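A.B. asks: what follows is a predicted protein model with its sequence.
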2 protein chains.
Amino acid sequence: MATPTPQAAPPGGLRERKKQRTRDALIRAALELFTEQGYEATTIDEIAEAVNVSQRTYFRYFANKEEVAFAVQEMVEARFLQELRERPADEAPLTALRSAVMTAWDEIGSAIESMVPVELHMRAYRMIESTPALVAAHLRRSSDLEEQIAQLIAGREGLDVDADPRPRVVVAAFCGVMRVAGKVWGEGQECSVASIRRLTQSYLDHIGPAIADTWRDR
Amino acid sequence: MATPTPQAAPPGGLRERKKQRTRDALIRAALELFTEQGYEATTIDEIAEAVNVSQRTYFRYFANKEEVAFAVQEMVEARFLQELRERPADEAPLTALRSAVMTAWDEIGSAIESMVPVELHMRAYRMIESTPALVAAHLRRSSDLEEQIAQLIAGREGLDVDADPRPRVVVAAFCGVMRVAGKVWGEGQECSVASIRRLTQSYLDHIGPAIADTWRDR
DNA sequence: TTGTCAACTGTCAGCCACTGACATTAGCCT
DNA sequence: AGGCTAATGTCAGTGGCTGACAGTTGACAA
């Protein structure tokens, strides 16, 4: 799986490409089936069969049934974290967070599209929000991500998350806003990546004034 | 017209009492097994066998494996909501929330003890926090409860939760504090109900000053 | 080219969570 | 006492998930 394979990124050997294709096919088939007939009503056998692999193979790519539903989000989050790690150290926390998202969105669009159509991803997002079992998983994932971001921000500032509450607070506010942006996007019609980028920007623009010292001046 | 119930309030019929006993026994056995050997490592067959009922009977009391782990919390939350509904309408939202918790704790102690030893409940709480599958369920439950409370508060104030953000904001702050109090309690040694009541009170006492205008005076 | 190695996959057997159908038991009420 | 019905047990089956083993196929060197 993630063994030290010294190969290029795009080509990477026939084997590697085949694996990637199978993985993408599984994700695509799963999301298609989930959104069409519902998550619970879809069996892993169906997904596997749609891609012409055995059920066992599915479980070699994804640890469980949920995981495939979050594959795209997983990728988006990883890119964001990477972007955040690369922000210059002298940026203020909220600025770094904001810049990381905005920069990330620019390239994420095509990254998503190379996995599944954005429109399918949007339908999948809505499906998650309306499936109790997936809502739970989603919350847990969000909570984990938030913690990771908080650790990262604390690291940048040389703080300890357990000693100083500020990292967690900033990150909580940031993630809260991102969550709302995501929700609004999911409820809207515009399913383009550009629209969520615009939404994100607009919402983040409100966070500064709300937190800044000028707050008290109203 | 006349109530033909020749029995006291608590019993209420042999059948009813038997059911209650079975339910309590299932909860107790489950928590005992979960905390001793872990959640995943415990099968429902084991729980059922410990109470001398069939697996099928377990599923007539609880919808799934998780549910039994949250039975006590479920009860606590129900009591709190009931208490909140009974608060006078002219109380300010945060005051009503605060009063409801504090009042609820007074009676909840014995209510918990009548189900399982408080010490077991505390171990169960810790077990939940360290079991990924249960963390997810816990988050989802919390999120649901928060929404219910927000609706209730909005109702008291004659507001619409979707139109006015204030109900959700107050409730979010309140629940956040409650969550922290619960977490601190779980990490501490003192497993008495009195201690969590004290913790709750102390934490809630900080909410006012933190929100009030005097904040800027530090 | 070919042979070896390692990775990937399929098959099979099995555990466990969960459910519907039906038979059986046991409170409840007249 | 006997009928009604809720509670329980039994059975069979589905689907998520895993370990073990064997077959296949890409990678790489001789």
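C.D. replies: Happy to help now that I have it. Numbers count the residues shown, from 1 in each chain, chains lettered A, B, ... in the order given.
A.B. asks: and the residue nearest the centre of chain A?
C.D. replies: In chain A, the centroid-proximal residue (Cα atoms, centre = their mean) is A:Gln73; its distance is 2.9 Å.
A.B. asks: secondary structure element for that residue?
C.D. replies: In the assignment (DSSP states H and E), A:Gln73 maps to helix A:71-85.
A.B. asks: same check on A:Gln151?
C.D. replies: Assessed by DSSP H and E, A:Gln151 sits inside helix A:132-157.
A.B. asks: same check on A:Trp185?
C.D. replies: Using DSSP H and E, A:Trp185 falls within helix A:166-187.
A.B. asks: and that helix with helix A:132-157, angle?
C.D. replies: 140 degrees (axes from the mean of the first three to the mean of the last three Cα atoms, to 10 degrees).
A.B. asks: what about helix A:166-187, average pLDDT?
C.D. replies: Averaging pLDDT along helix A:166-187 gives 89.
A.B. asks: residues in contact with it?
C.D. replies: When contacts are defined by Cβ atoms under 8 Å, 6 or more residues apart in numbering or on different chains, helix A:166-187 is touched by residues A:93-94, A:97-98, A:101, A:122, A:125-126, A:129, A:142, A:145-146, A:149-151, A:153-154, A:157, A:159, A:161, A:195-196, A:199-200, A:203-204, A:206-207, A:211. All C-beta spots, glycine's among them, are computed from the backbone N, C-alpha and C.
A.B. asks: quick one: name the residues of chain A near DNA strand C.
C.D. replies: A:1, A:3, A:15, A:18-19, A:22, A:52-57, A:60-61 (Cβ under 7 Å from any atom of the strand).
A.B. asks: farthest-separated two in those?
C.D. replies: A:Thr3 and A:Asn52 (25.4 Å; Cβ to Cβ).
A.B. asks: looking at the two, which one has more neighbours?
C.D. replies: The neighbour comparison of A:Thr3 against A:Asn52 (other Cβ atoms under 10 Å in any protein chain shown) goes to A:Asn52, with 10 against 4.
A.B. asks: roughly how far apart are the more buried one and B:Arg79?
C.D. replies: Distance from A:Asn52 to B:Arg79, counting by Cβ to Cβ, to the nearest Å: 54 Å.
A.B. asks: residue contacts, the residue nearest to the centre of chain A?
C.D. replies: With contact set as Cβ under 8 Å, 6+ apart, A:Gln73 has these partners: A:Arg141.
A.B. asks: roughly how far apart are it and B:Val170?
C.D. replies: Counting by Cβ to Cβ, the separation of A:Gln73 from B:Val170 is 30 Å.
A.B. asks: A:Tyr39: what secondary structure?
C.D. replies: Following DSSP: H, G, I helix; E, B strand; the rest coil, we place A:Tyr39 in the coil state.
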